[in-house]
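K.L.:
take this sequence and fold it.
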Amino acid sequence: MHVHLIAIGGSAMHNMALALHEKGFRVTGSDDEINEPSKSRLKQAGILPPAIGWFPEKIVEGIDAVILGMHAREDNPELIRARELGLKIYSYPEYIYEATRDKTRVVIGGSHGKTTITAMILHVLNYHRKDADFMVGAQLEGFNTMVRLTKEAPIAIIEGDEYLASPIDRRPKFHLYKPNIAILSGIAWDHINVFPTFDMYVDQFRMFVDLIEPGGSLIYCVEDAVLKDVAEKAGMANGIEKIPYSVPAHRIENGTTILKTETGDIPLLVFGRHNLMNLNGARLVCLKLGLSDQQFYEAIQSFKGAAKRLELVYKNEHFAFYKDFAHSPSKLKATTQAVKQQFAGRYIIACMELHTFSSLNETFLAEYKGAMNDADEAIVYFNPHTIAHKKLKPITEQQVFDFFARTDLRVFTDSGKLQDYLKSKSLKDNVLLMMSSGNFDGIDFKDLSSHLHFN
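P.N.:
This next block holds a predicted model:
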């Protein structure tokens with residue numbers, strides 16, 4: 001089986017390439033940019049393209065499948081050649097579905113928490129040695145790749161993103177997976193460049209629910225009012241079972257969150273209201289997959305979290321430093337609240353980067369009003385060059401200040417000056433939370449932590 005990946009260097013695409021290589025397929029690919037860690041991982045597997053760029057001569061008759069990544073454009077010369085030859089062209093999610101169509105598919109969707117719920121389910125299955133294929137949006141501890149596709153595994157755990165499938169397929173990715181078991185964590189407007197109104201965005205979730213296989217299950221967070229409305233109004237024509245969930249009973253004791261269950265107290269390594277809701281949703285999925293509550297609780301105690309999801313950078317008795325993927329208003333609020341509740345009595349410094357298309361859009365900025373009000377100190381960083389690169393209308397520091405509606409907000413546009421400010425502070429009995437889908441233009445968080453003052 002020969003598979004060629006156009007835009008092989010992306011985070012998801014290079015993991016797909018590694019998974020297919022591991023499956024025994026012949027894997028080739030191209031890209032006009034391949035950065036780390038993709039480059040080293042592809043090289044180690046022996047499937048790194050010998051040269052950077054697009055090479056239509058690579059596209060020949062006999063290729064069984066061409067997988068098209070979002071990074072490629074519609075006029076990509078390799079895509080044009082593949083179409084001329086009549087080769088089978090898949091978007092990334094289309095190929096995931098084709099590879100798992102005979103399995104029980106669990107699809108995890110929602111505006112926030114997808115990766116964490118997926119990671120929790122996989123952690124529990126792996127703990128109990130339950131065989132599963134998967135696709136997840138972050139590198140997980142204990143897993144070599146973010147994608148696994150086999151002939152043998154009877155189930156597939158798929159993180160279902162609502163962004164577009166490919167440059168030539170404008171459907172949201174999660175519409176292509178047709179779940180047997182679906183879980184939705186919540187609905188909060190995102191991807192304004194694709195869904196310019198909130199109603200258009202919510203419609204994608206209504207359509208997703210209608211795509212659940214007959215006799216399947218919808219597990220949903222009942223505490224999200226918009227999602228609750230979508231789930232409750234969804235038709236029952238296909239005999240879909242609806243299972244709501246919310247925050248489980250718990251307490252916080254000496255900085256540790258403890259679940260209160262029928263089988264006793266369960267201490268956790270993760271914390272925060274959203275993480276607890278994610279955990280409860282993951283538990284219900286695992287029950288549907290044949291595991292017991294006792295098995296779930298036994299395994300979940302050792303779950304440390306997915307990469308960049310409230311990930312601990314450094315901690316001692318006087319100071320804690322976390323990084324998080326949060327970037328949308330709802331995610332900022334939830335993450336900041338979680339840290340505030342977990343570290344009662346500590347001074348919380350929340351710092352976020354405006355990095356995504358939506359967050360840098362002047363129209364969408366108004367959604368951030370009050371998003372970091374739970375922090376004792378709030379900082380916003382953005383790079384004007386990023387805005388220019390995305391071809392967006394420039395925004396000013398004053399606009400950011402006004403939209404966040406916090407009189408003591410600090411705004412930085414220089415990454416070096418932001419670091420200098422943090423290094424200049426006494427951070428004893430503080431918690432520093434840095435949130436972004438980027439990296440604050442190259443900040444090395446481990447290195448930064450070594451230069452902070454907290455004693």
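K.L.:
what helices and strands are in contact with the helix ranked longest in the chain?
P.N.:
Longest helix in the chain, counting residues (DSSP state H): helix 273-288. Contacting helix 273-288 under the criterion 3 or more CB pairs under 8 Å, 6 or more residues apart in numbering; DSSP states H and E are the following elements: strand 104-109, helix 114-127, strand 181-184, strand 217-221, strand 241-245, strand 256-261, helix 293-300, helix 329-342. No exception for glycine: its C-beta is placed from N, CA and C like everyone else's.
K.L.:
quick one: it to strand 256-261, angle?
P.N.:
For helix 273-288 against strand 256-261, the angle by axes from the mean of the first three to the mean of the last three CA atoms, to 10 degrees is 40 degrees.
K.L.:
distance from helix 273-288 to the middle of the chain?
P.N.:
16 Å (CA atoms, centre = their mean, to the nearest Å).
K.L.:
give me the residues contacting that helix.
P.N.:
Residues from elsewhere that reach helix 273-288 (CB atoms under 8 Å, 6 or more residues apart in numbering): 106, 108, 112-113, 116-117, 120-121, 124-125, 181, 183, 185, 217, 219, 221, 223, 243, 245-248, 250, 257, 259, 268, 270, 293, 295-296, 300, 305, 310, 334-335, 337-338, 341.
K.L.:
can you select the buried ones among the residues you listed for me in ChimeraX?
P.N.:
Buried members of the contacts of helix 273-288 can be picked out in ChimeraX with the line below, counting by 16 or more other CB atoms under 10 Å:
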select :106,108,112,113,116,117,120,121,124,125,181,183,185,217,219,221,243,245,250,257,259,268,270,295,296,300,305,310,334,335,337,338
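K.L.:
where do the helices sit along the protein?
P.N.:
Secondary structure of the chain (DSSP H): helices at 11-22, 38-45, 77-84, 92-100, 114-127, 198-210, 225-233, 273-288, 293-300, 329-342, 384-389, 397-404, 415-424, 445-449.
K.L.:
ok, which of those comes nearest residue 63?
P.N.:
Closest to residue 63 of those, according to CB to CB: helix 77-84, at 7.6 Å.
K.L.:
only alpha carbons, please: show that closest one as CSV.
P.N.:
What follows is helix 77-84 as a C-alpha-only set of coordinates in CSV (Å, rounded to 0.1, in the frame of the first residue of the first chain):
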residue,chain,number,x,y,z
PRO,A,77,1.1,21.3,-8.0
GLU,A,78,1.1,17.8,-6.5
LEU,A,79,-2.6,18.0,-5.8
ILE,A,80,-3.2,19.2,-9.4
ARG,A,81,-1.2,16.2,-10.7
ALA,A,82,-3.0,13.7,-8.4
ARG,A,83,-6.3,15.0,-9.8
GLU,A,84,-5.1,14.7,-13.4
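K.L.:
and that helix, what does it pack against?
P.N.:
strand 2-6, strand 65-68, strand 89-91.
K.L.:
contacts only, for the most centrally placed residue in the chain.
P.N.:
The centre of the chain sits closest to residue 115, judged by CA atoms, centre = their mean, with a distance of 4.5 Å. Residue 115 makes contacts with 136, 137, 138, 159, 306, 309, 325, as judged by CB under 8 Å, 6+ apart.
K.L.:
dump those residues into TSV; add distance to residue 396, neighbour count and pLDDT as well.
P.N.:
TSV is the format used below for the contacts of residue 115 (distance: CB to CB, whole Å; neighbours: other CB atoms under 10 Å; pLDDT from 0 to 100):
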residue	distance to residue 396	neighbour count	pLDDT
136	38	27	92
137	33	21	82
138	33	20	79
159	36	28	96
306	35	27	76
309	31	24	79
325	26	21	85
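K.L.:
closest to residue 192 among those?
P.N.:
The closest of these, once distances to residue 192 are taken by CB to CB, is residue 325, at 18.1 Å.
K.L.:
ok, the closest one touching residue 438?
P.N.:
No - assessed by CB atoms under 8 Å, residue 325 is found out of contact with residue 438, at 9.7 Å.
K.L.:
quick one: low-confidence residue ranges for the chain.
P.N.:
Counting by pLDDT under 70, the ranges of the chain that qualify are 236-237.
K.L.:
got the domain ranges for it?
P.N.:
2-87, 95-300, 311-449 (automatic domain parsing).
K.L.:
contacting residues for residue 50?
P.N.:
Contacts of residue 50 by CB under 8 Å, 6+ apart: none found.
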